[in-house]
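>>> build the 3D model from these lines:
(2 chains)
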Amino acid sequence: MQKKLLVFFTIICAAFLVLMVRLISITRNNGAEYSMAVLSQQSYENQTLPYKRGKITDANGTILADSTMVYNVIIDSKVIGEQPFYMEPTLAAAEYLGLDKEKIRTYVEEHPNSQYYIARKRVPYKDKLAYDDWVSKGIEEENTKKGLLEENKFYNNIKGIWFEQNYIRTYPSGSLASDVIGFANNSNVGAYGLEEYYNDVLNGVEGRTYGYLDEARNLETTTVEARDGDNLVLTLDGNLQGIVMKYLEAFGEQYRDNDHEGNGANNIGCIIMDVNTADVLAMGSYPGYDLTDPYDTDRLVGMPKLSKIDEATDEYLTKEEVDAFSEKEQTRYLNALWRNYCITDYYEPGSVIKPFTVATGLETGTVSPDDTFVCEGRLHVADQWIKCHNIYGDGTLTVAEAVERSCNVALMYMAEQIGNKLFSQYQKTFNFGLKTNIDLAGEAKTDTMVQAPDMGPVDLATNSFGQNFNVTMIQTITGFCSLVNGGIYYEPHIVSKITSSSGATVQTRQPRILKRTVSEETSEMLRDYMVRVVEGANGTGHSSRPAGYRIGGKTGTAETLPRGNNEYVTSFLGFAPVDNPQIAIYVVVDRPNVEEQDTARYACVLAKDILQEALPYLNIYMTEDLTDREKQELEEKGLRDTNGLGD
Amino acid sequence: MSIFSPKKRRRGLEAARAREWIPFKDYTLFFVIAVLLLFGLVMLYSITSYQGQVLWGDPAFYFNNQARYTGLGLIIMFVAAYFPYAVTKQLAVPVYLASVISVLLTLTPLGYSANGATRWLDFKYFNVQPAEIVKVGVIFLTASIIDRLGTRVNTIRGFIIPLIPSGIAALMIWRITRNMSSAIIVMAIVMGMLFVACPFYKPFIAMTAIVGGAGGYWIYHTVETAREFGVTADFRGERILAWLNPQAYADNKAYQTLQALYAIGSGGIFGKGLGQSMQKLGHVPELQNDMIFSIICEELGLFGAIGVMMIYLFLIWRLAVIASNTADLYGALLVIGVMTHIAVQVILNIAVVTNTIPNTGVTLPFISYGGTSILLLLAEIGVVMSVSRKLGIKKPV
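Numbers count the residues shown, from 1 in each chain, chains lettered A, B, ... in the order given. Now for the predicted structure:
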């Protein structure tokens, strides 16, 4: 027996020896290779951490754009495939998260080695929280049950589902200020408006978690936190913007399908600006779109069809046509919809330019306030007759009366006195043909839209009343502010402050004076003239006067090209209150959907409605007594008499 | 016989018969066991601290559990050491039956499963692996049977009789708890005991040839089928293919093996140093159980790995010495059973880790994490100590 024990021990020793040789051979033959394999499979856990794009708030702190934390649901097929009994519980969990069970099953079966499949995007934080709760409660409960077979457990066998943090852009204001704000996609690339202009400011810097081996070959993990983007605080007042948008939409609705099928007007734009700083207080256009769903093609219905060079035609889009759009067409029209009419579109401004022409004359001394002009309804310039809109003639007019009645003939005489050189020089002074550099993406360049200094007499004559050159709304109202405020031209802007994610102020934008356009005296005279437009016996802008207030302004009715097809851009450019101007308002109605477009009334009434509600909101109180009819109108609108509140 | 029986011990043996002896305290054996246990605990802490932190929020989770079982095991060991082992001769059948019943219990709600097989009994406060109990039961029963057979063990019939109950137990472990490796170990223990007890070689050579031939054919068949049809539906067949070509199954069947090989290969001669393993950071599955040796290789290198093997060899040698010197056949057989148990597990474990044989789950005695295993191993050592006490010396008059 002892002999056999010795043999047995020898056999065991031999087995040990074989294993030792095997160990040595592994180390010797594969040592280097396996060492590499070990190093190469260290997960360095390189993971980017998303930053939060800055938010945009209005002057009152109301959030217009924000980024919300959401979660992507990631499916890891490899983990699910580790045990056959992981599948069902995991699929049930996926279903709890709102996923299609069968789709995930198919995916996992077809891609058993996939470790990163984004099954669902944008799961809100609270849903993720509810899910976590559900699973952890389930596990807790299950772990108290003894004797449960591993494969019969449910919650413990939910494997291979994890979450990835992300941010999405949200626009709680919806369509309130879409033109101004623009929208950012989920890769944080802004399109249009502030989102595009301030893209780099709003974006932060991505963080990163990464692992590395230190000199002792320990795996170290380092996290560089993401730096969130900066926030924008606007000069824009959300409430004021709301008032503007309400009336623009109402107008659009009122005149929808009125004269022809289609929107209430091709475009309506409105800007309200602080005359003493050129802060944009409100800026909106019709037709608008909803930032929460910018790709909603229903908004395209009723827009004018575009010609090959993207100019509006007389035909309008129907629902059927929109639905039948190719992707390319759709993009073309969506781009037209997203465009900010107030800064991107240019048009012939019409008579709202007359105050600028008069100011040029007065400022250069080529026109005296006492000059008189005789209007016979038309004027022969060079070889052609140019009509006044009152074809019967306005008779002899002073400068003030010419503005009040909006007489083209008188303005043509003035332009003649000013001469093309000075006229052109002053156009530049008022920034026509130049960019205003407002801090919004997409401002149009209009340098080729104005006439050259060596323009002929016909161009000069028509330019005097705002035809034959193009402007943008922002140019017009910014220049107009300088006419009203005593001649100071401010650079228009819409962001007042940039703050960091922690709330510290990074940059404050003070009103920036660029130049003096006219003297105090000229400015005062023009204010007087423009009050007569609204209040004078022959004024063209009576309908723009909000009850209880004194305002000044100028109406405009410009014929669009091609001439003679009875299509007009009607507008009202005004300021309020008269005694101490604080705001300027510019309303443009581009081809209202009415039979007779050739009246500024539509723009005037719109301006009046907006001002009637906006002025009290801005703490500008009524100074004039109300007639019974006005009182009744106010009551119907739910507004009140603010006479005497300011005292 | 030379190395196992120095003259001094012989005299002691005669003294013991005269019942006038001083019990022999085998400090060497105790010392080897203590070294293995301490080394095992240190390695276990080094290897599982990361995993414990990740899975349980406590780096000492595995260590604490193991230390608790080790403490309990030491108590059992001392109790067993002072327990007259001869009494167990009568208890062998009940112990065997109890161990067999414990296997059957896994079919009841007491059964607790992990990784797709029901191998544990859940007694609320602790879990027990019946296969471990069976190993002890079979050692007692086989020793008892051979002892009773006496010289009849020299016949073929005497050779086959001990194989029947252990064969049944092994079959149950294999079929009921789906634990083929434990079944193999049970059979190996019996074969080892028989090999030493029976004076002949031929049946063993024949059996080795049969098992080897069958195994060889199975491997050949599996490989051929796989080559012909491109697939093998058999779970064990896949293990064979993974064993022969681990790189091809790196994602799946051979993942564990390959990671163990990576660990061994990257350790080099002196290893990365205690606690410096990179493979333990989640790359080696079951690293605290079957794969613990690979991390020992990674951290302590060839030097440490061969050192550990030498300690085991020394332990086995020590057991062989005790067996050889024990005059009582039953006691000697018990020691041989324990020795075989330990030797087979060490050999199979290291063979699996080094991909010398196909992957099957075998733990490394005294070092691998596992309560039942450590308790029963220490109990077995206690029995050996009890046997060795009889090697006492005569009281000086």
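>>> tell me the contacts of residue 296?
Just going to use chain A. Applying CB atoms under 8 Å, 6 or more residues apart in numbering or on different chains, we find A:Asp296 in contact with A:Tyr289, A:Asp290. All C-beta atoms are positioned from the backbone trio N, CA, C, and that covers glycine.
>>> wrong chain, I was asking about chain B
B:Met43, B:Gly304, B:Ala305, B:Val308, B:Ile367.
>>> could you check how far it is from A:Ser77?
Separation of B:Ile296 from A:Ser77 (CB to CB, to the nearest Å): 34 Å.
>>> what does A:Thr331 give?
36 Å.
>>> comparing these two, which residue is more hemmed in?
A:Ser77 (20 against 12; other CB atoms under 10 Å in any protein chain shown).
>>> so who does the more buried one touch?
So A:Ser77 contacts A:Tyr107, A:Val108, A:His111, A:Pro112, A:Asn113, A:Ser114, A:Gln115, A:Tyr117, A:Gly160 (CB under 8 Å, 6+ apart).
>>> want to try CSV for the residues you listed, with secondary structure, distance to B:Leu333 and neighbour count as columns?
Output for those, formatted as CSV (DSSP: H, G, I helix; E, B strand; the rest coil; distance: CB to CB, whole Å; neighbours: other CB atoms under 10 Å in any protein chain shown):
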residue, secondary structure, distance to B:Leu333, neighbour count
A:Tyr107, helix, 60, 16
A:Val108, helix, 54, 25
A:His111, coil, 57, 14
A:Pro112, coil, 51, 12
A:Asn113, coil, 52, 9
A:Ser114, coil, 57, 15
A:Gln115, coil, 54, 12
A:Tyr117, strand, 60, 15
A:Gly160, coil, 52, 21
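>>> and chain B, which of those contact it?
Contacts with chain B within the contacts of A:Ser77, counted by CB under 8 Å from any CB of the partner chain: A:Asn113.
>>> return the member of the contacts of A:Ser77 nearest to A:Glu404.
A:Tyr117 (71.8 Å; CB to CB).
>>> and of the contacts of A:Ser77, the nearest to chain B?
Closest approach between the contacts of A:Ser77 and chain B, by CB to the nearest CB: A:Asn113, at 6.8 Å.
>>> now that closest one. Nearest residue, chain neighbours left out?
A:Lys78 (5.7 Å; CB to CB, 6 or more residues apart in numbering or on different chains).
>>> average pLDDT across the helix or strand hosting that neighbour?
Per DSSP states H and E: A:Lys78 is located in helix A:77-80. The average of the pLDDT scores along helix A:77-80 is 82.
>>> just the C-alphas of that helix, formatted as PDB.
C-alpha atoms of helix A:77-80 as PDB (Å, rounded to 0.1, in the frame of the first residue of the first chain):
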ATOM      1  CA  SER A  77     -27.500  43.700 -26.600                       C
ATOM      2  CA  LYS A  78     -24.300  42.100 -25.400                       C
ATOM      3  CA  VAL A  79     -25.300  42.400 -21.700                       C
ATOM      4  CA  ILE A  80     -28.800  41.300 -22.400                       C
END
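>>> neighbours of the nearest residue to B:Ile342 once chain neighbours are set aside, just the number please.
Here the nearest residue to B:Ile342 in space, its sequence neighbours aside, is B:Pro365; by CB to CB, 6+ apart that works out to 5.0 Å. Neighbour count of B:Pro365, defined by other CB under 10 Å: 23.
>>> likewise A:Arg120?
A:Arg120 has 17 nearby residues by other CB under 10 Å.
>>> and it, what does it touch?
A:Asn72, A:Val73, A:Leu97, A:Gly98, A:Leu99.
>>> try it again with 7 Å
Contact partners of A:Arg120, counting by CB atoms under 7 Å, 6 or more residues apart in numbering or on different chains, are A:Val73, A:Leu97, A:Gly98, A:Leu99.
>>> quick one, phi/psi of it?
phi -150, psi 140 (degrees, to the nearest 10).
>>> tell me the pLDDT of it.
84.
>>> cool, B:Ile173 as well?
Residue-level pLDDT assigned to B:Ile173 equals 88.
>>> got it, and B:Arg17?
pLDDT, B:Arg17: 56.
>>> dihedrals phi and psi, the residue of the stretch 251-400 of chain A found nearest chain B?
In the stretch 251-400 of chain A, the residue found nearest to chain B is A:Glu327; the distance is 41.5 Å by CB to the nearest CB. With angles defined as degrees, to the nearest 10, A:Glu327 sits at phi -60, psi -40.
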